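1. Just to be clear, the model below is a prediction. Sequence and coordinates:
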Amino acid sequence: MSLIRQSKFGVYNRPVNQLITLAAISLMVTVLAQGDSCDMNGVNPKNSNMKTTAAQDKLATGVWGGQHVRVEVSESGAQFEFDCAHGSISQSVKLDSNGKFDVAGKFAPEHAGPVLRDEESNERAVRYAGQVNQEQMTLTISDAATKEMIGTFELKHGSESRLMKCR
């Protein structure tokens with residue numbers, strides 16, 4: 001019995017074809033078996049909401065910009081620049097399940113001209129409250145003692161702002 005046969009399409013080798021078929025089936029089984037362990041940037045398809053929830057429980061780090069405001073968010077807080085003021089939050093900004101936050105911070109109005117050496121600080125305690133929806137944030141700042149609203153701003157993550165400093 002010859003291993004080489006003739007067909008209407010030409011000469012072929014049966015053991016080679018069987019070997020190729022076996023290799024293709026083995027490859028398919030291997031790929032399908034690894035499908036559940038596939039890691040898409042830390043997200044397992046069966047547990048995809050685990051990373052999403054973890055990533056959304058804090059305000060995204062980096063620059064947030066809007067009209068008259070720029071915020072630099074880090075893991076340890078945030079630094080604010082306004083046209084004629086600056087502020088800070090000295091703790092991580094955590095979001096609730098609706099993307100809302102309300103944290104204590106500092107706010108200091110600025111004035112034109114140089115700051116004198118003996119000038120008293122006009123920094124005051126404030127509340128930074130807001131809501132994040134994807135890459136957009138609405139931010140409201142109010143005086144912690146009097147509850148007076150200082151301002152409301154719309155910001156976008158990754159966007160720079162144009163400030164008109166009063167210096």
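-> Nice, I can see it. Numbering: from 1, shown residues only.
2. List the neighbouring strands of the host helix or strand of residue 137 plus their orientation.
-> Using DSSP states H and E, residue 137 sits within strand 136-143. Strand pairing for strand 136-143, determined by DSSP bridges: strand 124-133 (antiparallel), strand 149-157 (antiparallel).
3. Tabulate these (TSV), appending mean neighbour count and distance to residue 63.
-> (C-beta placed from N, C-alpha, C; glycine too.) Formatted as TSV, the strands paired with strand 136-143 follow (neighbours: other C-beta atoms under 10 Å; distance: least, C-beta to C-beta, whole Å):
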stretch	mean neighbour count	distance to residue 63
strand 124-133	17	14
strand 149-157	15	8
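4. The ones you listed: which one's closest to residue 93?
-> strand 124-133 (7.8 Å; C-beta to C-beta).
5. Show me what the nearest residue to residue 145 once chain neighbours are set aside is bridged to.
-> Of all residues not flanking residue 145 in the chain, residue 125 sits nearest, at 6.7 Å (C-beta to C-beta, 6 or more residues apart in numbering). Here residue 125 shows beta-bridge partners residue 106, assigned using DSSP bridges.
6. what does residue 66 give?
-> Bridge pairing for residue 66 - DSSP bridges - gives residue 69, residue 155.
7. Counting neighbours, what do you get for it?
-> 18 (other C-beta atoms under 10 Å).
8. what do you get for residue 80?
-> For residue 80, using other C-beta under 10 Å, the count is 24.
9. Which strand or helix spans it?
-> With DSSP H and E as criterion, residue 80 is part of strand 77-82.
10. I'd like the mean pLDDT over the following helix or strand past that strand, please.
-> Using DSSP H and E, the helix or strand that follows strand 77-82 towards the C-terminus is strand 85-89. Mean per-residue pLDDT for strand 85-89: 96.
11. measure the nearest residue to residue 136 once chain neighbours are set aside to residue 149 for me?
-> Using C-beta to C-beta, 6+ apart and skipping the chain neighbours, the partner closest in space to residue 136 is residue 156 (5.9 Å). According to C-beta to C-beta, to the nearest Å, residue 156 and residue 149 sit 22 Å apart.
12. what's the answer for residue 166, then?
-> 20 Å.
13. Next: residue 161.
-> 20 Å.
14. Next: residue 128.
-> Relative to residue 149, residue 128 is positioned 12 Å away (C-beta to C-beta).
15. Could you do residue 76 as well?
-> On the measure of C-beta to C-beta, residue 76 and residue 149 end up 27 Å apart.
16. and what of residue 84?
-> Counting by C-beta to C-beta, the gap from residue 84 to residue 149 is 17 Å.
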